[in-house]
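Enquirer: Any chance you could fold what I've pasted below:
(2 chains)
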Amino acid sequence: MSLFDDLFRRKPASAQIAKERLLTVLVHDRVKLTPEDLAKLKQELALLIQRYIPSVNPDDIEVSLLREDTSDRLKADVPLRRALD
Amino acid sequence: MARVITITSGKGGVGKTTTTANLGTALAMHGSRVAAIDADIGLRNLDVVMGLENRIVYDLVDVIEGRARLRQALIKDKRLPELYLLPAAQTRDKDAVTAADMINLTNEMRNDFDFILIDCPAGIETGFRNAIAGADEVLIVTTPEVSAVRDADRVVGLVEAAEKGPARLIINRLNQRLVSRGEMLSMDEVVEILAVDPLGVVPEDELIVSTTNRGEAAVFNPASYAGRAYINIARRLNGENIPIMELTEQTTLMDRLFGGLFGRRART
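Expert: Okay, here's the model as predicted:
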């Protein structure tokens, strides 16, 4: 029921889900990077960063492919621990 | 001199053949000389969609291999004297034709027609490459579904790489009721995702089933929403400036209310 759905919608409509899934899959298709490759990239990146910043926790690093308005990008988010000294 | 336009999609079953038949028919109705070529060798279907399957004597491969002249193989439409079909071979496969063959064939035909429409096979392999080889322009047909849009995106890239771009987009089988409810991607969303200029939207239309059953083009049926959309697309192809119109006929009051408040309008 359209009225009910629009007023009391709990989960996003399926078109929105379709759009998000498409945007993700298209970035991966275009860069030709499989999820396994992405995981490997993340692992190697974590090792590299740790060599210079030992306090970085590899589990905190997030690497993702993003599609934005003007460009697709590979984004690495590396949280740094605040120094406690 | 004809414009050679290939209709492609990547994914099968999204309406390439229906689109080729209806655009060809609509262009011929408006006075253009049109040839529709079925490039789906081994899986020909444009003949049955156009209702000409009983008239085939020679086919595309016969012409390329010199067993028949082009004039012998071209089948004149039942109703429109300026519409012709060049059928695909049914007993051969895609390797019977090369890209150079398609370029030579279309060049041979250019002087006798205003439009040469090529119905491309599904996929992105040899058949696709042959079908776009002779093209001046490429139209990509997609439906508002994840799988079809994904494949269309691949084809957009391949068309650009082959220097046949920029392709233009036809969004087929759009259900405005679902779009208004947020349960189907809208034209704007598909266009935004693919970043390709739209040439038109064709609404989902049950009449396509019955017209195709009969081997008649939907553009002959004034009651067909899809037929009207194809006529508009044909006019845009012809250079007419027809805005992509709002499609309100099929929407319910509820959809209109909530489509206006929450959703986007679809257009044809």
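Enquirer: Give me the distance between B:Val190 and B:Ala226.
Expert: Shown here: B:Val190 relative to B:Ala226, a distance of 17 Å by C-beta to C-beta, to the nearest Å. (Each C-beta comes from the backbone N, C-alpha and C, glycine too.)
Enquirer: can you check B:Ala218 too?
Expert: Relative to B:Ala226, B:Ala218 is positioned 5 Å away (C-beta to C-beta).
Enquirer: The residue most central in space within chain A: which element?
Expert: In chain A, the residue lying closest to the centroid (C-alpha atoms, centre = their mean) is A:Ser64, at 3.4 Å. Using DSSP states H and E, A:Ser64 maps to strand A:62-67.
Enquirer: Just give the strands next to that strand in its sheet, each with its orientation.
Expert: Here strand A:62-67 is paired, per DSSP bridges, with strand A:72-77 (antiparallel).
Enquirer: Need the CA coordinates for the partner strand. CSV is fine.
Expert: Extracted C-alpha coordinates of strand A:72-77, given in CSV (Å, rounded to 0.1, in the frame of the first residue of the first chain):
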residue,chain,number,x,y,z
ASP,A,72,35.4,7.3,-8.7
ARG,A,73,38.0,7.0,-5.9
LEU,A,74,39.9,4.5,-3.8
LYS,A,75,39.7,5.7,-0.2
ALA,A,76,41.8,4.5,2.6
ASP,A,77,40.8,5.6,6.1
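Enquirer: average pLDDT across it?
Expert: The average pLDDT within strand A:72-77 is 86.
Enquirer: Where does the residue in chain B positioned nearest to chain A sit: helix, strand or coil?
Expert: Scanning chain B for proximity to chain A using C-beta to the nearest C-beta identifies B:Gly182 as nearest, at 2.9 Å. Following DSSP: H, G, I helix; E, B strand; the rest coil, we place B:Gly182 in the coil state.
Enquirer: quick one, phi psi at the nearest residue to it once chain neighbours are set aside?
Expert: Nearest residue to B:Gly182, sequence neighbours excluded (C-beta to C-beta, 6 or more residues apart in numbering or on different chains): A:Ala13, at 2.9 Å. Phi and psi for A:Ala13, reported as degrees, to the nearest 10, are phi -60, psi 160.
Enquirer: Let me know the pLDDT of A:Ala13.
Expert: Turning to A:Ala13, the model gives it a pLDDT of 89.
Enquirer: do B:Leu23 as well
Expert: B:Leu23 carries a pLDDT score of 98 in this model.
Enquirer: what's around it, how many residues?
Expert: 27 (other C-beta atoms under 10 Å in any protein chain shown).
Enquirer: where does it land in three-state SS?
Expert: For B:Leu23, the assignment made with three-state DSSP gives helix.
Enquirer: Just the closest residue of chain A to chain B, please.
Expert: Residue nearest to chain B within chain A (C-beta to the nearest C-beta): A:Ala13, separated by 2.9 Å.
Enquirer: what separates that residue from B:Glu240, distance-wise?
Expert: When A:Ala13 is compared with B:Glu240 (using C-beta to C-beta), they lie 35 Å apart.
Enquirer: Between those two, tell me which one has more neighbours.
Expert: The neighbour count for A:Ala13 versus B:Glu240, taken as other C-beta under 10 Å, is higher for A:Ala13 (17 against 10).
Enquirer: any idea how far that one lies from B:Gln176?
Expert: 15 Å.
Enquirer: Setting aside sequence-adjacent positions, which residue approaches B:Leu139 most closely?
Expert: Using C-beta to C-beta, 6+ apart, the nearest residue to B:Leu139 is B:Ile7, at 5.0 Å.
Enquirer: Kindly tell me how buried that neighbour is, as a neighbour count.
Expert: 27.
Enquirer: What are the boundaries of the helices in the stretch 101-250 of chain B?
Expert: Using DSSP state H, counting those that start in this stretch, the helices of the stretch 101-250 of chain B run over residues B:126-133, B:146-161, B:176-180, B:187-194, B:207-214, B:225-237.
Enquirer: All the strands of chain B, residue numbers only.
Expert: B:3-8, B:34-38, B:75-76, B:83-86, B:115-119, B:137-142, B:168-174, B:198-203 (DSSP state E).
Enquirer: what packs against the third one?
Expert: Judged by 3 or more C-beta pairs under 8 Å, 6 or more residues apart in numbering or on different chains; DSSP states H and E, the packing partners of strand B:75-76 are strand B:83-86.
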